[in-house]
Every structure is written in C-alpha cells, then in structure tokens.
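> sequence and predicted structure, then a few things I'm wondering about:
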Amino acid sequence: MKRFSILIAVCFLALSTQMRAQSQIPYAKLTTTVPSNGTNAVQTITIGGSPTTGGFTPKWNGRAGSAVVWSGTNATLLAHLATSLDGLFGAGNTVATAGTLSSGVGTILVTFQAAYGKEPIAAVISFISNTMDGSGTVAAATTTTGILASYRGAVPGAMLIYTGVTPPGYYTNISTTAAAPNWTILGNMRVVSLGTPALGTVTYVHANITQPTSGTTSVTTALTNPDVPRNATITGNQATCTGNVVIWGKDGNSALLQDTIAASGTSTVAGTKAFSTVDSVWIPTRGAASDALSIGTGTKLGIGVKLTLDAVWAGYLGGTREATRPTVAVNPTYIYLNTAAFSTAYDGSKAAKLVLTDGF
C-alpha cells in the first residue's frame with residue numbers, strides 16, 4: 001500500500017504545475033479523509049412582542065450593520081434586513097428567508113453562503129440597539145453549525161485522491177463556485193501492470209511466410225506467442241507484397257479474436273488488437289514471385305481492462321515515469337482494443353505499468 005501511494009503521489013504531483021495552499025488546488029492533491037462538500041451555517045433571528053414601529057441594528061464580530069426599519073410586511077422587513085447584512089458580510093454572502101415570520105414577528109433564517117459558505121461561523125449575530133415599540137424583542141442563535149468543505153475554494157475540475165481506501169478513490173470538483181466545492185467520486189485509482197515487454201521485432205511471431213501463387217495459406221505451426229498481450233505487425237520482404245493478412249488468436253481473457261491487416265510492400269503495418277496468443281495466420285495471394293510476409297509484435301500493449309474514456313494518467317517503465325504519457329486506445333466492449341503504447345523503447349527488463357482511474 002505504501003509503495004502504491006508513493007506511485008500515485010509522484011504521478012499527480014508531476015501532473016500539477018503548482019501546489020497552492022488548501023484553498024486553491026489547481027489539479028490534484030492526496031487526502032487521507034473522505035472529501036466533504038460542507039454545510040452552510042444558519043443563524044436564526046427571532047423577533048418577539050407586538051411591535052408596530054421602530055427597528056434594530058445588527059452587529060457581528062465587532063462590526064455594526066445599518067439600522068433595520070421594522071415592518072409588518074414580511075417582504076419589506078426581509079429586504080431591510082438583507083441590506084444591513086450585505087453591509088456586514090458583503091453582498092450575496094448571506095440570504096435571509098422567513099422561518100415562522102408572520103406580519104413581522106417570528107423567526108428569520110440567515111443562511112451564510114459564498115465567501116462565508118461551507119464553513120463554521122463561530123460568532124453569532126447580535127444587536128446594538130432595539131427601538132421597536134410594543135415590547136418588541138430581537139435575538140439571534142446558531143441553528144445549523146456550518147461544516148467546512150474539503151479544500152474550500154478549489155478551482156473547478158480540481159482533483160482529490162482519497163488514500164484511505166484501497167485502491168484510492170478519485171474525486172473531482174464539479175462546482176463552479178470557488179467557496180462551495182462539490183466533490184464527486186468518479187472511480188478508484190489503481191496501478192495496472194502490463195508485464196515486462198521486450199522490444200518488438202518484425203519477425204517475432206513468424207518470419208518470412210511465402211505468399212501462395214493463388215488462394216490463401218493457413219499457418220498454424222511455428223508461431224511464437226507475444227511475450228505480453230500486444231498488437232501484431234505485418235512486414236513484407238519486397239514492394240509487391242500486398243493483400244489482407246488475417247491473424248487469429250486470443251486476448252488476455254482467452255476470448256477469441258481476429259485482426260485483419262493489409263500488407264503494404266516492405267512497410268511495417270501495425271494492427272490495433274492486443275493478442276495474448278496467436279493461433280493461426282492466413283496469408284494472401286502473392287503479388288510477385290518470392291513475396292513473403294513476416295508477423296511481428298508492435299508497441300501497443302494490452303491494458304487488460306475495458307475503458308469508456310481515456311482514464312490513464314501516466315505510464316511507468318522500470319519504475320520511471322514516462323515524460324510523454326502513453327498513447328491510449330479505449331473501447332468499452334472489447335478488452336483487446338484497449339491498448340497503451342509507450343514512447344520509450346521496451347527492452348524486456350523493465351516492467352510497464354499504468355496509473356488509471358476505474359469507473360470510466
């Protein structure tokens with residue numbers, strides 16, 4: 001687990017162009033606690049008695065707001081209070097709504113949001129004056145304690161890797177409001193091993209199969225299986241080599257598969273499907289005398305999982321992170337069409353691994 005966490009950490013620290021303070025995560029950060037979306041604090045103002053005129057002046061954390069003129073019309077009273085609260089907390093940082101308020105008497109709910117949202121609000125609103133008649137009273141108390149959101153202020157699209165589970169969980173912030181992140185789990189991070197691939201050669205599976213003068217030749221013997229699940233290649237010995245070569249075999253789950261690759265002279269043509277075994281090869285009619293085709297192995301390694309989206313974050317060869325992320329092909333239906341090609345040459349001694357996210 002420790003080694004796995006280190007690998008994840010190295011990967012994501014490399015992806016981040018900078019790491020800021022908790023309030024500003026640009027790309028990715030590790031966390032040992034489940035990400036919380038937080039809760040807005042709510043304080044309740046209660047107006048009692050039987051006022052007909054006058055008002056009151058709120059105060060918070062040593063700052064005084066403007067005087068609130070009392071009104072028996074709820075909407076008017078709430079509008080007066082909102083103006084005072086905007087002076088105390090800044091416009092848009094609180095919302096005042098009627099609780100049990102009726103004809104200017106009852107409870108008013110003050111919900112903290114935006115710059116004051118998703119965090120505890122320790123100080124409670126108080127009042128430095130009360131000029132309401134009719135034995136009017138006003139008081140405030142906390143009714144909902146705010147809960148701090150994880151990495152409050154994170155930019156949209158920021159990532160959190162929760163390492164408290166195995167494999168670690170991948171969360172992203174889908175909120176566009178900086179002070180109110182919405183952490184949504186998309187899947188779990190894991191490392192996928194692709195084996196220890198050797199350098200692909202154009203004759204690895206079979207060298208120089210003579211093309212027939214007519215029809216096709218089926219080859220089922222002297223075939224060498226790929227060292228790891230990977231794509232096949234076709235290479236001709238002269239410019240006249242043409243036709244479709246059909247390769248039959250099995251994928252990493254032992255399911256049957258077939259790939260058709262068109263020969264193109266002496267060029268090496270790569271297939272797209274990852275073979276675990278090659279069971280037979282159909283060789284097409286020659287274009288000219290002495291035409292022969294070789295079957296080799298390519299650079300596309302089978303990932304071994306079905307992906308709907310490219311959820312590969314990084315590739316490692318021999319424990320060293322690839323400077324260029326592997327070229328990835330994905331397919332949600334067929335496992336053999338999910339491949340990754342590394343830019344560094346394989347040599348048969350370095351394990352190839354991918355860091356990816358499940359759930360895509």
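Structure's in. What do you need?

> how is this protein partitioned into domains?
2-37+149-181, 42-144, 194-360 (automatic domain parsing).

> what about the second one, start to end distance?
Using CA to CA, to the nearest Å, the end-to-end distance of domain 42-144 comes to 5 Å.

> and for stretch 30-45?
Start-to-end, stretch 30-45 (CA to CA) is 40 Å.

> also stretch 88-103?
25 Å.

> now it: buried residues?
Neighbour-count burial for stretch 88-103, counted by 16 or more other CB atoms under 10 Å, picks out 88-89, 93-96, 99, 101. Yep, even glycine has a C-beta here, placed from its N, CA and C like the rest.

> stretch 190-209 now?
The neighbour-count check on stretch 190-209 (16+ other CB under 10 Å) flags 190-192, 194-198, 200, 202, 204-207, 209 as buried.

> now the closest residue to S84 other than its chain neighbours: phi and psi?
Nearest non-adjacent residue to S84, counting by CB to CB, 6 or more residues apart in numbering: G65, 3.8 Å away. Taking degrees, to the nearest 10, you get phi -90, psi -180 for the backbone angles of G65.

> next: T46.
Torsion angles, degrees, to the nearest 10, at T46: phi -110, psi 120.

> that one bridge partners, please.
As for beta bridges, T46 partners with T107, A139 under DSSP bridges.

> from S103, how far out is it?
15 Å (CB to CB, to the nearest Å).

> can you list the domains of the chain in CSV and add mean pLDDT?
Converted to CSV, the domains of the chain look like this (pLDDT from 0 to 100):
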stretch, mean pLDDT
domain 2-37+149-181, 70
domain 42-144, 97
domain 194-360, 96
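
> pretty sure G87 is in a helix, no?
Yes: secondary structure assignment (DSSP: H, G, I helix; E, B strand; the rest coil) places G87 inside a helix.

> tell me the contacts of the closest residue to it other than its chain neighbours?
Leaving out its chain neighbours, the residue that sits closest to G87 by CB to CB, 6+ apart is G65, at 4.7 Å. Going by CB atoms under 8 Å, 6 or more residues apart in numbering, G65 touches 57-59, 84-85, 87-88.

> please indicate which of those are buried?
Looks like those have 57-59, 84-85, 88 buried, using 16+ other CB under 10 Å.

> what's the neighbour count on V328?
19 (other CB atoms under 10 Å).

> in three-state terms, label it for me.
At V328, secondary structure determined by three-state DSSP is strand.

> isn't it up against W313?
No: contact between V328 and W313 fails when scored by CB atoms under 8 Å: they sit 10.3 Å apart.

> so L109 sits against L101, correct?
No: look at L109 against L101 with CB under 8 Å: they stay out of range, at 9.1 Å.

> list the neighbouring strands of the helix or strand where T172 lies plus their orientation.
Applying DSSP states H and E as the criterion places T172 in strand 169-173. Note on strand 169-173: by DSSP bridges, its sheet partners are strand 159-162 (antiparallel), strand 183-193 (antiparallel).

> tell me the contacts of A123?
Here A123 is in contact with 60-61 (CB under 8 Å, 6+ apart).

> typo on my end, it should be I247
Contacts of I247 (CB under 8 Å, 6+ apart): 232, 258-261, 271, 275, 278, 280-282, 295.

> what's the neighbour count on A232?
A232: 27 surrounding residues under other CB under 10 Å.

> next: the one 3 residues further on.
For T235, the neighbour count with other CB under 10 Å is 22.

> now T224
T224: 15 neighbours (other CB under 10 Å).

> from T217, how far off is it?
Taking CB to CB as the measure, T224 falls 18 Å from T217.

> so which residues of this structure form helices?
Assigned by DSSP state H, the chain shows helices spanning 2-15, 74-89.

> contacts for the longest one?
What that stands for is helix 74-89. With CB under 8 Å, 6+ apart, helix 74-89 has contacts from 45, 55, 57-60, 63-71, 92-98, 101-104, 108, 110, 112, 115-116.

> chain neighbours aside, what residue packs nearest to A149?
Closest to A149 by CB to CB, 6+ apart is G38, at 2.9 Å.

> which residues are in contact with the one you found?
117-119, 146-150, 152, 180-181.

> among those residues, which one has the most neighbours?
In terms of neighbour count, P181 stands highest of those at 28 neighbours, by other CB under 10 Å.

> that one and N331, how far apart?
Taken as CB to CB, the span from P181 to N331 is 33 Å.

> repeat for I121
From I121 to N331 the distance is 50 Å (CB to CB).

> same deal with G87?
Per CB to CB, G87 is found 59 Å from N331.

> for G348, same thing?
Distance of G348 to N331, given as CB to CB: 27 Å.

> which of the two has more neighbours?
N331 (16 against 10).

> contacts only, for the more buried one.
306-307, 337-338.

> at 7 Å instead, please
The contact partners of N331, taken as CB atoms under 7 Å, 6 or more residues apart in numbering, are 306, 337-338.

> good, wrapping up.
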